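K.L.:
pasted the sequence and its predicted model underneath.
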Protein chains: 2
Amino acid sequence: MIRTKYSGAAMREVAVIGVGQTKIAEHWDKSLKELAGEAVLMAVRDADIHSFDAIFIGNMLSATANRQQQLGAYIADWIGARGIEAIHIESACSSGSSAFRSAVMAVASNKLDTAVALGVEKMTDSPSSEITAGLATAAEADWEVDQGVSFVGLNALIMQRYLFEYHWQREDFANFSINAHQNALNNPYARLRMSITREQFQNSSNICDPITLLDASSIGDGAAAAVVVPLEKARNLQHKQTVRVAASSAASDRIAIHSRKDPLWLKAAEISAKNAYNQAGIHQQEIDLFEYHDAFTIMAALSLEACGFAERGQAPRLALEEAISLNGSIPVATQGGLKARGHPVGATGMYQIVEVVQQLRGLAGKNQIEGAKWGMSQNIGGSGSNIITHIFTNLGYE
Amino acid sequence: MIRTKYSGAAMREVAVIGVGQTKIAEHWDKSLKELAGEAVLMAVRDADIHSFDAIFIGNMLSATANRQQQLGAYIADWIGARGIEAIHIESACSSGSSAFRSAVMAVASNKLDTAVALGVEKMTDSPSSEITAGLATAAEADWEVDQGVSFVGLNALIMQRYLFEYHWQREDFANFSINAHQNALNNPYARLRMSITREQFQNSSNICDPITLLDASSIGDGAAAAVVVPLEKARNLQHKQTVRVAASSAASDRIAIHSRKDPLWLKAAEISAKNAYNQAGIHQQEIDLFEYHDAFTIMAALSLEACGFAERGQAPRLALEEAISLNGSIPVATQGGLKARGHPVGATGMYQIVEVVQQLRGLAGKNQIEGAKWGMSQNIGGSGSNIITHIFTNLGYE
């Protein structure tokens, strides 16, 4: 049992005993609830359980893209989990991790015993203008969106400033994307299973200067899920594939980039990562793999810096030196990341968590990080206004 | 400390030490975030605290009506609570109580110490057709909504069947509305502070047969908030206005009415109320007041039955006999209920909780239930697909 800084009360530790995911694709033949059901069923079978007490669902766009809210009851009904607690959690692109954190807190609170965390998003049935408008609701409506700036636009402004301040060329970001695509080759659930060359990166078509197509992640339809239980229960079940949730931390930042003192620093990432290292009782150097939020290459760089893996302004060096590759000092996007695995926005956080869990179980296939014992995931909502960090560890190394 | 049925681990008990609310109105001069800020500031001052660790925000319509998601960061930023955990929870019209339950679980989990639960909704700036379409996203998009049935329509179908099965006249529902309006007269935060007569009820204009204008609650703009802390902390602070959260329970039902075995029975209300009585260790007869979800008079009736206050099909008798009035056996809607206080959908659950807390503190003004020691709130999402029940008690009577 861990004692927090807040009080003398004991906290119930929690673990993940099952995970599931669908392939990320343009699933024109599957609805939102069908994708959700597929991921949940896979997680429940993996966990070898027959029922659960609650489902916490991360989703960003269903109100606008699918005209469906009340996703809790909607999905609980579809999967036949009658009567259970079922709610929907939203924090833009970090909705998936927020749902997972809700499941963790619910189990830790002792108010329930077995929870499923699910992230699901169905984006490709809607006109892309509607999706772009939907994604923009993660920025500040009053100022950012009213000025007509899209989410790519906000990231382009940050990247432009980053190149100027720290004297990098946009080509220096190439390896973030090359590495992600390389790793996606071995991930059957990834949307973009193709490698890319440095030349392709350099000649990639412009989206919003300096961001090109190959700096940006791909949207998609998908769902990913995990089964969360008290650690003591996982131990009693003698579940061989148990992964302990060593840390869970969420922080926010000012929603509009223009309000932040330093638009090149992800303050919420720094806060949540530091809290997470403290909770896990480890130093950032002990992290064996990092599923970061590379929605754009600039976010990959800022995330590495805010979490302490690189000095301020120096993250591109990690990419240039290939420290981020599978056998580097800090492997990232080990199954393709948002860039190449795909970014079904409200589901992404759960994909990251599923991937970390599989690495710690030794089930990451050809992309396995040998001997991995500490894995971290970090999910970014908006342009950094809501950031959730989780650290996991396998029981063998406790 | 309470031990649950699930395991031997101890649960941290939680309490409410501050509440706040705005008047429900057509607030054309105030934005969503301004309403939110007003309620949070009032709750924080009431609690006499200077900071908090997290905010959990219940809201249903901001994605469609306000084109703003990521309400967590958006509101944390506005109120100046920089860096804190801040997320948005949605379960249609029960979003407010879902947010409160998230705050309760977060504090009980020991992962944080002081949480604010907020419900906020800004409905009157949008065309009413858009609000009607937004509200319909709480029903099943695939079947109910595609058939063109609105939320009033669904409730009218249920009420029609109820009248047929149990041989009541619609006039027998009059006291649900008359009582609510009477109680709202003394509530400065209520939207419809006017009494209505039996004659007015009978002659009220038809909305969707058999539902008339005076069966239906009024929408509105509003925000309500509460400060949640560990009970031990409230005791240490020697906070005189502490109210203990004696029970918190959520349950779901099939989302579409046509899928339910019995469309006249709120199964999720029954499950969550029974769980709540168990958690609180009391019988339903000990409840001194009940803030129920009278979105329509038929929902008031079904809620009373599912929670055990009336036999199946007999709730109108409670109304006819005035058992639901302030000095009746089970006072309901003591500050006007959804009917007359108003129903800003995602905020409603928090209004109910604020009202119960004020009753237990003895601060309910002219509508005070003398000697109240157990108060219950029940918040319904969709047409009964997601129902959350809370029971509170004041410390003096523990």
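P.N.:
Alright, I've got the coordinates.

K.L.:
only C-alpha atoms from now on, for both contacts and neighbour counts.
P.N.:
Noted.

K.L.:
sketch out the low-pLDDT regions of chain A for me.
P.N.:
Scanning chain A with the threshold set as pLDDT under 70 gives A:1-10, A:239, A:396-398.

K.L.:
ok, which stretches of it are helices?
P.N.:
Assigned by DSSP state H, chain A shows helices spanning A:32-47, A:62-65, A:71-78, A:95-108, A:128-136, A:151-166, A:174-184, A:198-202, A:231-236, A:267-280, A:297-306, A:315-320, A:348-361.

K.L.:
how about JSON lines for those helices, with mean neighbour count and distance to chain B added?
P.N.:
Output for the helices of chain A, formatted as JSON lines (neighbours: other Cα atoms under 10 Å in any protein chain shown; distance: least, Cα to the nearest Cα, whole Å):
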{"stretch": "helix A:32-47", "mean neighbour count": "21", "distance to chain B": "11"}
{"stretch": "helix A:62-65", "mean neighbour count": "20", "distance to chain B": "6"}
{"stretch": "helix A:71-78", "mean neighbour count": "26", "distance to chain B": "5"}
{"stretch": "helix A:95-108", "mean neighbour count": "32", "distance to chain B": "5"}
{"stretch": "helix A:128-136", "mean neighbour count": "17", "distance to chain B": "8"}
{"stretch": "helix A:151-166", "mean neighbour count": "18", "distance to chain B": "13"}
{"stretch": "helix A:174-184", "mean neighbour count": "27", "distance to chain B": "27"}
{"stretch": "helix A:198-202", "mean neighbour count": "14", "distance to chain B": "32"}
{"stretch": "helix A:231-236", "mean neighbour count": "16", "distance to chain B": "9"}
{"stretch": "helix A:267-280", "mean neighbour count": "23", "distance to chain B": "6"}
{"stretch": "helix A:297-306", "mean neighbour count": "26", "distance to chain B": "14"}
{"stretch": "helix A:315-320", "mean neighbour count": "21", "distance to chain B": "23"}
{"stretch": "helix A:348-361", "mean neighbour count": "28", "distance to chain B": "14"}
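
K.L.:
how about these in CSV, adding distance to B:Glu305?
P.N.:
Shown next, in CSV, are the helices of chain A (distance: least, Cα to Cα, whole Å):
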stretch, distance to B:Glu305
helix A:32-47, 32
helix A:62-65, 32
helix A:71-78, 22
helix A:95-108, 29
helix A:128-136, 41
helix A:151-166, 49
helix A:174-184, 55
helix A:198-202, 65
helix A:231-236, 37
helix A:267-280, 46
helix A:297-306, 53
helix A:315-320, 62
helix A:348-361, 40
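
K.L.:
for whichever residue of chain A sits closest to chain B, which non-adjacent residue is closest in space?
P.N.:
Nearest to chain B, among the residues of chain A, is A:Ser109, at 3.5 Å (Cα to the nearest Cα). Leaving out its chain neighbours, the residue that sits closest to A:Ser109 by Cα to Cα, 6 or more residues apart in numbering or on different chains is B:Ser109, at 3.5 Å.

K.L.:
residues in contact with the residue lying closest to A:Asn206 once chain neighbours are set aside?
P.N.:
Nearest non-adjacent residue to A:Asn206, counting by Cα to Cα, 6+ apart: A:Thr212, 4.2 Å away. Residues near A:Thr212 by Cα atoms under 8 Å, 6 or more residues apart in numbering or on different chains: A:204-206.

K.L.:
for B:Val120, find the nearest of the helices of chain A.
P.N.:
Smallest distance to B:Val120 across these (Cα to Cα): 17.0 Å, for helix A:62-65.

K.L.:
helices or strands next to the closest one in the packing?
P.N.:
Contacts defined by 3 or more Cα pairs under 8 Å, 6 or more residues apart in numbering or on different chains; DSSP states H and E place helix A:62-65 against helix A:128-136, helix B:62-65.

K.L.:
out of the ones you listed, which is closest to A:Gln169?
P.N.:
helix A:128-136 (27.7 Å).
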